[in-house]
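Trainee: Sequence and predicted model, in that order:
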Number of protein chains: 2
Amino acid sequence: MPPPANARPSASVELRATALEQFASVGFAGTSLQQIADAAGYSKSSVLYHFASKEALLEEVLTPAIDRLEAILEVFLATAETVESRRRFVNDFIDFILEFRLELHTFINQSQSLRGIPVIDRAGVLIVRLSDTLCHGEASTEDRIRFGIALGGAAYTLVAGMTFLGQEIAPADEIRPALLVVVTELLAPVTVRTTPSRK
Amino acid sequence: MPPPANARPSASVELRATALEQFASVGFAGTSLQQIADAAGYSKSSVLYHFASKEALLEEVLTPAIDRLEAILEVFLATAETVESRRRFVNDFIDFILEFRLELHTFINQSQSLRGIPVIDRAGVLIVRLSDTLCHGEASTEDRIRFGIALGGAAYTLVAGMTFLGQEIAPADEIRPALLVVVTELLAPVTVRTTPSRK
DNA sequence: ACGCTAGCTGACCGATCGGTCAGAGCCTGT
DNA sequence: ACAGGCTCTGACCGATCGGTCAGCTAGCGT
């Protein structure tokens, strides 16, 4: 029987977490199995015992995030679009971003160089669907740009940006409302500003 | 005397351009000197003849962009801040983004993994200064996030995003006005919306 | 005609890459 | 006490990495 869930994390869990950090900060190509192994306190052979290959490790690391994003999109597609449903979607989306910042950053900023890897391609079509959905069909350049900036901007800000712009990452409960305002402004621009004028 | 400027580009120019494309799309770590050489039609040895090292090549590729960004910031800092000067700054900034999209994408998305390389560090402090300037001192989390999203979002959208969101990159004169609206909205939120409500 | 230099290249270097494999250590069921 | 799995590891593999070096070639000044 597996330990009662409060034992120390298993090797494969530790390795996944370590690998994710490395992939997000140094890139997939820039991360060696040796680095991952050293950082997690195992040997390179151990990494390859738990994961068939470096690529397979990437897949296992990213899959939960893609699954979650897919689920969010399905929910949004399943209901008729109203101002309310769109607002709820943006909310879910921000939860997703905050929970999976490292995964998001990884496949946002490296999808082009990792084409052909199944999980990356899945993420690619998912993002296109997201984009099409939010701009419902008729796709003005500005709408596309809004979506792209929100997506890429959030991915950058929450991983790379915060680490040296704001020297320390602000706590999630401070980031969330600010992120909500900005992303809402980008993705649901019809909505009236919810905060009083800044400054 | 050098050729009258309409001769075919010299090797080092071709190599810089090729290297930039590779760095922006596959990452610095993911790009080998062999790839650059092959793509440009030279040998690896030739690359190392023109540039002392892979790192030096990166520096030469990014320096013009950083210089330009520095100049834009200096101009903005030299004049008293008014709504007009801020508007002009955003305009310059967008010109910069459009002209140096690949360079921007490269050092935005890889600065963390390339720390220690002089040109990258220069870019780093420059971005912090930019951020501090735009948020003048008192730095609310939301303002930081606005700046980060504009910066990272633009870098992503104009390189990675456009290539598969909008299947083909829209012409610059179509992107520019849309980008201007969105970035202005993010960086100079006081200004009234300049476009009629969309859709 | 000659030598010099700039541009370029292939051969080669040690290090590291992702990946394979044959065990070593340990826990468990019998 | 023994056998059989898990987990983990070091030794090792061919390929490729960034980088060095000697030498080839074409053009130019003299």
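Mentor: Received the coordinates, thanks. Numbering: from 1, shown residues only, chains lettered A, B, ... in the order given.

Trainee: Enumerate the positions of the longest helix seen in chain A that are buried.
Mentor: Using DSSP state H, we find that the single longest helix of chain A is helix A:54-78. Using 16 or more other C-beta atoms under 10 Å in any protein chain shown as the burial criterion, the residues of helix A:54-78 that qualify are A:54-55, A:57-62, A:65-66, A:68-70, A:72-73, A:76. (Each C-beta comes from the backbone N, C-alpha and C, glycine too.)

Trainee: just stretch A:114-126 next, same as before
Mentor: A:Leu114, A:Ile117, A:Val119, A:Ile120, A:Arg122, A:Ala123, A:Gly124, A:Leu126.

Trainee: Using a markdown table, lay out the residues you listed together with secondary structure.
Mentor: Below are these laid out as a markdown table (DSSP: H, G, I helix; E, B strand; the rest coil):
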| residue | secondary structure |
| --- | --- |
| A:Leu114 | coil |
| A:Ile117 | coil |
| A:Val119 | helix |
| A:Ile120 | helix |
| A:Arg122 | helix |
| A:Ala123 | helix |
| A:Gly124 | helix |
| A:Leu126 | helix |
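
Trainee: which of the residues you listed lies closest to DNA strand C?
Mentor: Of all those, A:Ile117 has the smallest distance to DNA strand C: 11.1 Å, by C-beta to the nearest atom of the strand.

Trainee: sorry, back to before: tell me the one among the buried residues of stretch A:114-126 nearest to B:Leu180.
Mentor: B:Leu180 has its nearest neighbour among the buried residues of stretch A:114-126 in A:Gly124, at 28.0 Å by C-beta to C-beta.

Trainee: tell me the pLDDT at the closest one?
Mentor: You'll see A:Gly124 listed with a pLDDT of 93.

Trainee: Spatially central residue in chain A, please.
Mentor: The residue lying closest to the centre of chain A (C-alpha atoms, centre = their mean) is A:Leu104, at 2.1 Å.

Trainee: Any buried residues in the helix or strand of chain A with the lowest mean pLDDT, and which?
Mentor: Within chain A, no helix or strand scores below helix A:162-164, which has a mean of 72 by mean pLDDT, DSSP states H and E. Judged by neighbour count using 16+ other C-beta under 10 Å, the buried positions of helix A:162-164 are A:Met162, A:Phe164.

Trainee: Determine how far that helix lies from the middle of the whole chain.
Mentor: How far helix A:162-164 lies from its chain's middle: 17 Å, per C-alpha atoms, centre = their mean, to the nearest Å.

Trainee: now do stretch A:15-28
Mentor: Distance, centroid of stretch A:15-28 to centroid of chain: 13 Å (C-alpha atoms, centre = their mean).

Trainee: Give me the buried stretch members for stretch A:9-23, please.
Mentor: Using 16+ other C-beta under 10 Å as the test for burial, stretch A:9-23 gives A:Glu14, A:Leu15, A:Arg16, A:Thr18, A:Ala19, A:Leu20, A:Glu21, A:Gln22, A:Phe23.

Trainee: Tell me the one among those nearest to A:Ala188.
Mentor: Nearest to A:Ala188 among those: A:Leu20, at 30.2 Å, using C-beta to C-beta.

Trainee: does that closest one sit in a helix, a strand or a coil?
Mentor: helix.

Trainee: I'd like the buried residues of stretch A:114-126 written out as TSV, with distance to DNA strand C added.
Mentor: Output for the buried residues of stretch A:114-126, formatted as TSV (distance: C-beta to the nearest atom of the strand, whole Å):
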residue	distance to DNA strand C
A:Leu114	13
A:Ile117	11
A:Val119	15
A:Ile120	15
A:Arg122	19
A:Ala123	20
A:Gly124	21
A:Leu126	25
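
Trainee: nearest to chain B, of those?
Mentor: A:Gly124 (6.3 Å; C-beta to the nearest C-beta).

Trainee: And what about A:Gln112, helix, strand or coil?
Mentor: What three-state DSSP gives for A:Gln112 is coil.

Trainee: looking at it, it is touching B:Gly161, isn't it?
Mentor: No: taking C-beta atoms under 8 Å as the definition, A:Gln112 is not a contact partner of B:Gly161, at 10.0 Å.

Trainee: Looking at those two, which one has more neighbours?
Mentor: B:Gly161 (26 against 17; other C-beta atoms under 10 Å in any protein chain shown).

Trainee: And for the more buried one, nearest residue in space, chain neighbours not counted?
Mentor: A:Gly148 (3.7 Å; C-beta to C-beta, 6 or more residues apart in numbering or on different chains).

Trainee: OK, contacts around that neighbour?
Mentor: Going by C-beta atoms under 8 Å, 6 or more residues apart in numbering or on different chains, A:Gly148 touches A:Ser131, B:Gly153, B:Tyr156, B:Thr157, B:Gly161, B:Met162, B:Leu165.

Trainee: Same list (these) but as a markdown table, adding distance to DNA strand C.
Mentor: Compiled in a markdown table, those are given as follows (distance: C-beta to the nearest atom of the strand, whole Å):
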| residue | distance to DNA strand C |
| --- | --- |
| A:Ser131 | 32 |
| B:Gly153 | 30 |
| B:Tyr156 | 25 |
| B:Thr157 | 29 |
| B:Gly161 | 27 |
| B:Met162 | 29 |
| B:Leu165 | 29 |
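
Trainee: Top of those by number of neighbours, please.
Mentor: Busiest of those [other C-beta under 10 Å] is B:Gly153, holding 31 neighbours.

Trainee: For A:Ala11, see how far away that residue is.
Mentor: Look at B:Gly153 and A:Ala11: by C-beta to C-beta, to the nearest Å, they are 37 Å apart.

Trainee: From the rest of the structure, what touches the least confident helix or strand of chain A?
Mentor: For helix A:162-164, using C-beta under 8 Å, 6+ apart, the contacting residues are A:Ile169, A:Ala170, A:Ile175, B:Ser111, B:Gln112, B:Gly124, B:Ile127, B:Val128, B:Arg144, B:Gly148.
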